[in-house]
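Trainee: show me how the following folds:
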Amino acid sequence: MNQVAVELRERIAREGSVNGRIIKVDRFLNHMVDPLLIDRLAAELAGRFARQRIDKIITAESSGIMIAQALARQLGVPFVYAKKKRPLTMGEFYAASSFSFTKQESTTLYVSQEVLLAGERVLFADDFFAVGSTHKAIEQIIEQAGATLVGAAVIINKSERRDIEAILTLEELMG
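Mentor: Okay, here's the model as predicted:
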């Protein structure tokens, strides 16, 4: 386990909690945010994708925005967040449905065709990867755009999938 993973695990033990598949990190990751911690997490994740060509980072509104922005800064590329409501100013768009494990609700995600272009290589970023519903919706949006999903970078992977780059897995938190 690398240094930032150890730091995150200790922070969760001290200021958060793990109750089965529910990981509470409200005091430093996804309600009140420690920007220095986010920057360290993003630097670790960026290092894992440094050799790939990435044109944009994409995430879903709202909890993934902090890590997506920090990761985009590290990689020197813009980031896009899929909106949960389509504003009147959004003309042509891509859309897909996502189910939130934490909120227990379904949401449609929208991305303007102006900000996601055919041929772009896009990295998905989020705070958690639970059952993959958000990832699947983003994957569908990227496909609609004619872009390519090059990978997924998350802070905590709660799933069994091993193709998701994560700082920590649920097993590492429980163990």
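Trainee: from here on, just use CA atoms for contacts and neighbour counts.
Mentor: Will do.
Trainee: buried set for stretch 43-51?
Mentor: For stretch 43-51, the neighbour count (16 or more other Cα atoms under 10 Å) marks 43, 44, 45, 46, 49 as buried.
Trainee: now do stretch 72-92
Mentor: Buried residues in stretch 72-92 (16+ other Cα under 10 Å): 72, 73, 74, 75, 78, 79, 80, 81, 82, 83, 84, 86.
Trainee: pretty sure the fourth one contacts residue 52?
Mentor: Which is residue 75. No. Contact between residue 75 and residue 52 fails when scored by Cα atoms under 8 Å: they sit 10.1 Å apart.
Trainee: what residue ranges in the protein score low on pLDDT?
Mentor: Applying pLDDT under 70 to the chain flags residues 101-102.
Trainee: next, count neighbours for residue 22.
Mentor: 13 (other Cα atoms under 10 Å).
Trainee: same check on residue 117?
Mentor: 18.
Trainee: list the contacts of it.
Mentor: 145, 146, 147 (Cα atoms under 8 Å, 6 or more residues apart in numbering).
Trainee: if you set the cut-off to 7 Å instead, what comes out?
Mentor: By Cα atoms under 7 Å, 6 or more residues apart in numbering, residue 117 lies in contact with 145, 147.
Trainee: and it, how far is that from residue 148?
Mentor: Distance of residue 117 to residue 148, computed by Cα to Cα, to the nearest Å: 10 Å.
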